[in-house]
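Asks: I would like to see how this sequence folds:
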Amino acid sequence: MPLVKDEAIILSTRLFGESDKIVRFFTLSSGKLSGIAKGAKKSQKRFMNTLEPFNQVLIEYFEKATSSLVRIENADLEESNSGLELSFKRVCMASFFTEFVDKLTKEKQRNEHLFQTLKKILDSLKLVEFTTTDILYYELQMLRHLGYMLNLAACVHCGKALADVEKLYFSKERGGTLCTGCAHSVPHRQYPQGFIPHMLRLTETPMNSHAQSRGNSSSEHGEREGEAGYPRAGVPILDRMGREVLEDFVKFHLAVEFKSYRLLKSITG
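Replies: Numbering: from 1, shown residues only. As a prediction, the model looks like this:
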């Protein structure tokens, strides 16, 4: 098999034997892969400080038809994880998003949009700690790229378009909001007025990383303006509800729980 070269983000590593490493990494062109890096623990040349979680690298590997593991030949560092170690919160946030990608993607499933989103997250986290709004926003974006987006604009059962004031009921079983009529016959939970429209706005409005940096101080006063001009923060209760909704949705539909999520919740509230 020919040597493959690709951009990659290191998701996780573990030692294998006395000197090797098993590496899970997410590539731009081929999606998620697992590989073995021979001698990586002792290498002072090919793998010196490159095969570490959250690093962005140019990786070289061989695939074998008879093995589920690729053989990693080399990895050149393009963007290190330096900066994340300055904050335990940032490390926890980076761990959550890399685990999100790891557990919700299949092997060798290309997803360029998801790759670029994870790259943006890791780059941003080196500069600023995310607010709860930021975390929720990027969770929603990742679900969109994975094809698991919630239906928040219309009734998921009958298709009726809903005004914002009518968006009160959400069904995790159906993966979307319900009108008043359908709520009588479909399992759901009722939420405060404004919650579902808030979630919908987060799915529709791009977040500017510069606005993130500027927003840290203003968010302390309960408000931060996004590119569309509406408050992007200042609604921590709604954001916490949103993260609970996504946790329940992912657990119900994808049968996945994230080990890093409990810790993330404990440090972000």
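Asks: Next secondary structure after the top helix by length along the chain?
Replies: With secondary structure taken from DSSP state H, the chain has its longest helix at helix 236-254. Next helix or strand after helix 236-254 toward the C-terminus (DSSP states H and E): helix 259-268.
Asks: average model confidence for that following helix?
Replies: Average pLDDT, helix 259-268: 82.
Asks: how many degrees apart are it and helix 236-254 in direction?
Replies: 170 degrees (axes from the mean of the first three to the mean of the last three CA atoms, to 10 degrees).
Asks: Strands of the stretch 101-250 of the chain, residue ranges please.
Replies: Listed in chain order, the strands of the stretch 101-250 of the chain (DSSP state E, counting those that start in this stretch) span 169-171, 176-178, 189-190, 224-225, 231-233.
Asks: Need the per-residue pLDDT for the closest residue to T203 other than its chain neighbours.
Replies: Excluding its sequence neighbours, the residue lying closest to T203 (CB to CB, 6 or more residues apart in numbering) is L140, at 5.0 Å. Quick note: C-beta positions are derived from backbone N, CA and C, even for glycine. pLDDT recorded at L140 is 94.
Asks: and if you look at the one 5 residues further on?
Replies: The score at H145 is 95. That number is its pLDDT.
Asks: before we move on, back to that, need the contact list for the residue nearest to T203.
Replies: Applying CB atoms under 8 Å, 6 or more residues apart in numbering to L140 gives the contacts 149-150, 199, 202-203, 246.
Asks: Which one of the residues you listed is nearest to A94?
Replies: L246 (18.1 Å; CB to CB).
Asks: Check the burial of the nearest residue to that closest one once chain neighbours are set aside by counting its neighbours.
Replies: Among residues not flanking L246 along the chain, E139 sits closest, at 5.4 Å (CB to CB, 6+ apart). As a burial measure, E139 scores 19 neighbours (other CB atoms under 10 Å).
Asks: Quick check: E139 touching R243?
Replies: Yes: taking contacts as CB atoms under 8 Å, E139 lies within contact range of R243: 7.2 Å.
Asks: Would you mind giving the domain segments of the chain?
Replies: Segmentation of the chain into domains, based on automatic domain parsing, reads 4-79, 130-150+182-268.
Asks: From what I see, S30 and N111 are in contact.
Replies: No: look at S30 against N111 with CB under 8 Å: they stay out of range, at 10.2 Å.
Asks: Between those two, which is the more surrounded one?
Replies: Taking neighbours as other CB under 10 Å, S30 and N111 compare with N111 leading, 22 against 18.
Asks: Would you mind listing the residues in contact with that one?
Replies: The contact partners of N111, by CB under 8 Å, 6+ apart, come to 31, 105, 145-146.
Asks: returning to what we had before: with distance to F97 as extra columns, can I get the domains of the chain in TSV?
Replies: Shown next, in TSV, are the domains of the chain (distance: least, CB to CB, whole Å):
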stretch	distance to F97
domain 4-79	9
domain 130-150+182-268	7
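Asks: Mind telling me which of those domains the model trusts least?
Replies: domain 130-150+182-268 (a mean of 76).
Asks: now do the same end-to-end measure for that one.
Replies: 9 Å (CA to CA, to the nearest Å).
Asks: what's the answer for stretch 139-157, then?
Replies: Span of stretch 139-157 from end to end, CA to CA: 24 Å.
Asks: Could you verify that F26 is part of a strand?
Replies: Yes: using DSSP: H, G, I helix; E, B strand; the rest coil, the assignment for F26 is a strand.
Asks: where do the helices sit along the stretch 51-200 of the chain?
Replies: 88-104, 112-125, 132-146, 180-183, 195-204 (DSSP state H, counting those that start in this stretch).
Asks: Quick one: closest of the ones you listed to K251.
Replies: For K251, the closest of the helices of the stretch 51-200 of the chain is helix 88-104, at 11.4 Å, according to CB to CB.
Asks: Which parts of the closest one count as buried, going by neighbours?
Replies: Neighbour-count burial for helix 88-104, with 16 or more other CB atoms under 10 Å as criterion, is recorded at 90-101, 104.
Asks: what's the angle between that helix and helix 259-268?
Replies: 150 degrees.
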